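Visitor: build me a model:
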Amino acid sequence: MLVPAGVLVVVLLGAVAVDLSAAHLAQRRLVQVTERAADDAAGMLDRDALRSGGPVRTNRGQATELARMHLASLDVPGLERRWVDVAVSPDGTQVSVRSGATVRRLFGRGLPGVSPTYRITAQATARLG
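Guide: Sure thing, here's the model as predicted:
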């Protein structure tokens, strides 16, 4: 009688371990992509300001579009509902990228009272110079 109960507990713990591992992998990849997006977005210089002799600064529109493209390229199983927020400092020399997504649970969806997804976030900042 104890063996079937023990096997059930081991199977449930294994399912939790697989779900947490998948969420951790997605989190690590999201952090990597967010850091790359911040670095690349900071390099999107405002060419009009440079041509007119103005200060070197980041183009907000291009930086935001590039960060969105980076997040769209993230390929992790079970990833859904991605979002990205790009903030450029007032002087245009620093870019902060915040991103997030939800990750579907592989096995936990079948358990009662358990959320079917994990929410993951990442943040990175890059400077010109």
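
Visitor: hmm, residue 97 and residue 124 touching each other?
Guide: Yes - if you go by C-beta atoms under 8 Å, residue 124 and residue 97 touch, sitting 5.3 Å apart. (Each C-beta comes from the backbone N, C-alpha and C, glycine too.)

Visitor: identify the contacts common to those two.
Guide: 34, 37-38 (C-beta atoms under 8 Å, 6 or more residues apart in numbering).

Visitor: any idea which element the residue nearest the centre of the chain lies in?
Guide: Among the residues of the chain, the one closest to the centroid is residue 30, at 3.3 Å (C-alpha atoms, centre = their mean). Assigned by DSSP states H and E, residue 30 falls within helix 2-42.

Visitor: just checking, what packs against that helix?
Guide: helix 60-72, strand 79-88, strand 94-104, strand 117-127 (3 or more C-beta pairs under 8 Å, 6 or more residues apart in numbering; DSSP states H and E).

Visitor: let's see 6 Å
Guide: On a contact count with 3 or more C-beta pairs under 6 Å, 6 or more residues apart in numbering; DSSP states H and E, helix 2-42 meets helix 60-72, strand 94-104, strand 117-127.

Visitor: so which of the ones you listed is nearest residue 80?
Guide: strand 94-104 (5.4 Å; C-beta to C-beta).

Visitor: for the closest one, which strands pair with it and how are they oriented?
Guide: Pairing partners of strand 94-104, with direction, according to DSSP bridges: strand 79-88 (antiparallel), strand 117-127 (antiparallel).

Visitor: more neighbours, residue 124 and residue 97?
Guide: residue 97 (29 against 20; other C-beta atoms under 10 Å).

Visitor: and the helix holding residue 30, how far out from the chain middle?
Guide: 14 Å (C-alpha atoms, centre = their mean, to the nearest Å).

Visitor: quick one: that helix to strand 79-88, angle?
Guide: Interaxial angle of helix 2-42 relative to strand 79-88 (axes from the mean of the first three to the mean of the last three C-alpha atoms, to 10 degrees): 30 degrees.

Visitor: list the contacts of the next helix or strand after helix 2-42.
Guide: Counting by DSSP H and E, the element after helix 2-42 in chain order, helix or strand, is helix 47-51. For helix 47-51, the surrounding residues in contact (C-beta atoms under 6 Å, 6 or more residues apart in numbering) are residue 57.
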